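Trainee: attaching a predicted model along with its sequence, questions to come.
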Amino acid sequence: MKNKFGKIKYDWKFALFLLAFAAGIFLRIYHFSDWLYFKLDQARDAFIALQAFEKGPGYLPLLGARAGGTYLLLGPVYYYFQYLALLITRNAYPATYALPDLFFAILSVPMFYIFIKRYFGRNWALYLASVLALCFFAIEYSRFSWNTNPLPFFTLLYFFSLLKSLESEGRKALWWALISGVALSVTSQLHFLAFLGFPVVTFLLIIIDRKNLRGKTGWRIILVFLSGFLILYVPWILSDLGNNWKNTLHFWDAVLTKLFSATLWQDVVLGFAYFAQDWIIILTGYVATMKEHLLFLLAWIVFILPSIFLNWKFYRSEQDAKKRRFLLLTLLWFLIFLIVYIPIGHQLRARYFLVMEALPLIYLGYILKYINSLRRRGKNVAVAAVAAAVIIGNLAGTYLWFNQLALAEKQTSVDSKRTFVFKEEDDVTLWHIDQAAKYITDNCTGKEVRFAAPPVHLKAVDYMLRYYAAKKTAEQKSKSGEYCFYAVGSSKSDMGYVDANVKNNFHVAERKIFGLVGVYKIEPNDPKNISFKRLYDINSDEITEETKANRIYWKDLFSPGKN
């Protein structure tokens, strides 16, 4: 920037934002590959994307991952992201599949700045975007592959482009309508709740603000918006046309399953508790346990409810139409998803909050703006203290989590409290699986590998064993029918958590410990009568076949009945 004398003026606020943004990128890529979570769902998706990469795009599925707890398969856009990452890198190592998640996580920071700048102005937007860059919650969800992880970016892109389409004229309005339709299509394919919640928010926004939107929602805008939305649903439609609309019927079953599968009182209590828990993580980096009822109550009383009130207060008093629409959008965004969350309170997990990741930070902005507007001494100190505490808390949270992951490579047991992204809390990362697979591959020469592992790590171990086996030359591979047997499990006990049939029919001959994970070379108790039950062969499709079940591929549309 230049001052009135034409000299360069140092913009320290923007410089601090760039520093925070750079730090945020660093925290997202630090030990990215080693500390990557690569578990059951991640390995399943990797096998599907890898098949298309190896055999051709005809093997891309028309449907995506299964919505948790239902038979509904989401749209396939996330698999296409992973396939594109494979095409660009030409590398099937598991970190490749998480590159789209990392990419969109980084992009979400400038996208957030652009989105909130329309209301808060430049300076406040720079600070709040800096918080997102350093947010522990956002960092943890950027460091592995999962279909829900790109939600924050596409949510912001959708709402921003939606507002722009309602405020622009002519061709610009049509282009923004197209972008918003595509963004909504992507979000709805990443998570079931986005499919339910965002259309409702959009409809209510237009209805409530209809007086200011006269002439802005004509048939051309609607047609372009729907075209952008439906074009990415062509695979879903083609799949259902060839399958008697089976997946669409599963969608309505999923609605009933999600919304009416537990008692209302139980859901209300748990829903409000989980809501407060994730709100606290985003703002402070502190991971509260579900037993901290008083903390959750305080979060609602001290922060969440006042934030809603301020959102409503600012909306009622705002005169600028664009800012007023932004305030209405955030209010509807909060209320609709709170209503959606209540019926699924008993199964609410942190990933469900990704559609609202930006909202606690926006509400933080409302609170800081209100404090700053007070005519009282010490208001600047109060604003600075809150602003600093939020950033320091998130940096501390990230540091403690990184320390936890580092200890998991050295110790057989760690406190996994700060790993909140999975239902099964453990800190087994790609480093552990990679070390186990390398050891098995190097240890077994001239024979075939048979292995056992706990369900949560079975596909991941299988993927890495195949990855390293593919690197061996044909001369090193054996088809002799002779086997090396291994169990991969917890390092706290021999053959920890593997199937009872393996434990009962084999004994440990050698062991190798890699932090939380132990690799056990096992031998049959009766060499003449070997039980192969729950021992898997990396040369078979026994594990990967499940990932292909009930799916139609692009190749099936042109060559039905052929594999």
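Mentor: Right, received. Where do you want to start? Since the structure is predicted, the reported quantities are computational estimates derived from the model, not experimental observations.

Trainee: low-scoring stretches of the stretch 301-450 of the chain, by residue?
Mentor: Along the stretch 301-450 of the chain, segments meeting pLDDT under 70 span 424.

Trainee: quick one, helices of it?
Mentor: With DSSP state H, counting those that start in this stretch as the criterion, the stretch 301-450 of the chain has helices at 305-317, 321-341, 359-373, 379-408, 430-443.

Trainee: with mean neighbour count and distance to P150 as added columns, please give the ones you listed in JSON lines.
Mentor: From N, CA and C alone the C-beta is placed, and that goes for glycine too. Formatted as JSON lines, the helices of the stretch 301-450 of the chain follow (neighbours: other Cβ atoms under 10 Å; distance: least, Cβ to Cβ, whole Å):
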{"stretch": "helix 305-317", "mean neighbour count": "15", "distance to P150": "26"}
{"stretch": "helix 321-341", "mean neighbour count": "19", "distance to P150": "18"}
{"stretch": "helix 359-373", "mean neighbour count": "18", "distance to P150": "17"}
{"stretch": "helix 379-408", "mean neighbour count": "16", "distance to P150": "20"}
{"stretch": "helix 430-443", "mean neighbour count": "20", "distance to P150": "20"}
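
Trainee: can you add distance to F272 and give the ones you listed back as a markdown table?
Mentor: Supplementary listing: the helices of the stretch 301-450 of the chain in a markdown table, determined by distance: least, Cβ to Cβ, whole Å:
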| stretch | distance to F272 |
| --- | --- |
| helix 305-317 | 11 |
| helix 321-341 | 9 |
| helix 359-373 | 15 |
| helix 379-408 | 22 |
| helix 430-443 | 35 |
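
Trainee: L249: which of those is closest?
Mentor: Taking Cβ to Cβ, helix 321-341 is the member of the helices of the stretch 301-450 of the chain nearest to L249, at 21.2 Å.

Trainee: nearest to S33, of the helices of the stretch 301-450 of the chain?
Mentor: Each of these was checked against S33 via Cβ to Cβ, and the shortest separation belongs to helix 430-443, namely 6.4 Å.

Trainee: ok, now how distant is K512 from V488?
Mentor: Computed as Cβ to Cβ, to the nearest Å, the K512 to V488 distance reads 10 Å.

Trainee: anything in contact with each of those two?
Mentor: With contacts defined as Cβ atoms under 8 Å, 6 or more residues apart in numbering, the residues shared by K512 and V488 are G518, V519, Y520.

Trainee: which non-adjacent residue is nearest the last one?
Mentor: Beyond its immediate neighbours in the sequence, the residue positioned closest to Y520 (Cβ to Cβ, 6 or more residues apart in numbering) is A487, lying 4.4 Å away.

Trainee: next one: that neighbour from R44, what distance?
Mentor: A487 sits 21 Å away from R44 when distances are taken as Cβ to Cβ.

Trainee: for the two, indicate the residue with more neighbours.
Mentor: Neighbour comparison, A487 and R44: the larger count goes to A487, with 26 against 19 (by other Cβ atoms under 10 Å).

Trainee: give the helix, strand or coil label for that one.
Mentor: Three-state call for A487 (DSSP: H, G, I helix; E, B strand; the rest coil): strand.

Trainee: bridged to it, which residues?
Mentor: Beta-bridge partners recorded for A487 (DSSP bridges): A452, Y520.
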